[in-house]
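*Asks:* let me see the structure of the following:
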Amino acid sequence: MNVTLTSTGPSPPFKGFLLRAQTQVPNQGHFNLNPNDPYHQLTCSQTQTAITHSDTHPKFMVTLTWVILIPGPKLNFEATVGSLLKIQSIQL
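*Replies:* Predicted structure coming up:
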């Protein structure tokens, strides 16, 4: 499953982000990264359920892959995006 963060309309590009999956069961899934991706994984309540940027280059769109291991239970994504001291947090 792809999860995409996008800067739309007149919004400037974003420099940083934190994306976290809120799962109802342990090991429901994880983010899949390639070694050359400019992101790194974090462990919040579970391993590989959060991901963030590793550079401050302007970004208009970031697409990340969530690998579903246990289908069915409700899954929420929460994103925090920052640009020039402006921080926005949304729940997907």
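*Asks:* surely Tyr39 touches Ala50?
*Replies:* No. Contact criterion Cβ atoms under 8 Å: Tyr39 and Ala50 do not qualify, at 10.5 Å. Bear in mind the C-beta positions are built from the backbone N, C-alpha and C, glycine included.
*Asks:* give me the below-cutoff pLDDT ranges for this structure.
*Replies:* Along the chain, the model assigns pLDDT under 70 to residues 83-92.
*Asks:* residue closest to the middle of it?
*Replies:* Closest residue to the average C-alpha location of the chain: Leu19 at 2.8 Å, with Cα atoms, centre = their mean.
*Asks:* residues in contact with that one?
*Replies:* 3, 5, 31, 50-52, 64, 77-80 (Cβ atoms under 8 Å, 6 or more residues apart in numbering).
*Asks:* quick one, strands of the protein?
*Replies:* Assigned by DSSP state E, the strands in the chain fall at 2-6, 16-23, 29-32, 39-42, 50-53, 61-68, 75-83, 86-91.
*Asks:* excluding sequence neighbours, find me the nearest residue to Thr65.
*Replies:* Asn32 (4.5 Å; Cβ to Cβ, 6 or more residues apart in numbering).
*Asks:* who touches Gln28 in this structure?
*Replies:* Gln28 touches 21, 68-70, 73, 75, counting by Cβ under 8 Å, 6+ apart.
*Asks:* who wins for neighbours among those residues?
*Replies:* Ala21 (23 neighbours; other Cβ atoms under 10 Å).
*Asks:* okay, now the residue lying closest to it once chain neighbours are set aside: neighbour count?
*Replies:* Residue nearest to Ala21 in three dimensions, not counting chain neighbours: Thr49, with 4.5 Å by Cβ to Cβ, 6+ apart. A count of neighbours around Thr49, defined by other Cβ under 10 Å, yields 23.
*Asks:* now, which of the contacts of Gln28 sits nearest Lys59?
*Replies:* Of all the contacts of Gln28, Ala21 has the smallest distance to Lys59: 19.5 Å, by Cβ to Cβ.
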